[in-house]
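In: got a sequence here, can you build the structure:
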Amino acid sequence: MKFCIQPSSSDSMFIRNARYAMIFFGVSLLWQRLSVDYILWVQTVITTILLFLLSLLFDWAQTPYQWNKKDKEK
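Out: As a prediction, the model looks like this:
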């Protein structure tokens, strides 16, 4: 099992963004527990889901798509 912050190139886009969202979720829960003594579950879960979806969208938008690749190969 690898413990690294930097994702390897073999990780899929989904796994990499899920890892970031889970790290945020854990840190957010720990921070809320230590600072306020109660956890805002709904706010934390919704924020984590939004973070995951936005980071997935951003990561997907950064991936270049080769238009008409099949037509040029023929």
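
In: where in the protein is pLDDT low?
Out: Along the chain, the model assigns pLDDT under 70 to residues 1-10, 67-74.

In: need the residue closest to the centroid of it.
Out: When Cα atoms, centre = their mean is applied to the chain, the residue found nearest the centroid is residue 17 (2.1 Å).

In: and that residue, what element?
Out: helix 13-35 (DSSP states H and E).

In: how far is that helix from where the chain is centred?
Out: 9 Å (Cα atoms, centre = their mean, to the nearest Å).

In: who does it touch, helix- and strand-wise?
Out: With contacts taken as 3 or more Cβ pairs under 8 Å, 6 or more residues apart in numbering; DSSP states H and E, helix 13-35 sits against helix 41-62. For every residue, glycine as well, the C-beta is placed using N, CA and C.

In: okay, now the nearest residue to residue 21 once chain neighbours are set aside: neighbour count?
Out: Closest residue to residue 21 apart from its sequence neighbours, by Cβ to Cβ, 6 or more residues apart in numbering: residue 52 at 3.8 Å. Residue 52 has 19 neighbours, counted by other Cβ atoms under 10 Å.

In: contacting residues around residue 52?
Out: Taking Cβ atoms under 8 Å, 6 or more residues apart in numbering, we find residue 52 in contact with 17, 18, 20, 21.

In: quick one: contacts for the last one?
Out: Same thing as residue 21. 48, 49, 51, 52, 55 are the contacts of residue 21 under Cβ under 8 Å, 6+ apart.

In: hang on, the earlier thing: and the contacts of residue 52 as a markdown table, adding distance to residue 28?
Out: Below are the contacts of residue 52 laid out as a markdown table (distance: Cβ to Cβ, whole Å):
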| residue | distance to residue 28 |
| --- | --- |
| 17 | 16 |
| 18 | 15 |
| 20 | 12 |
| 21 | 10 |
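
In: could you identify the most distant pair in the residues you listed?
Out: Maximum pairwise distance in the contacts of residue 52, criterion Cβ to Cβ, is 7.4 Å, between 18 and 20.
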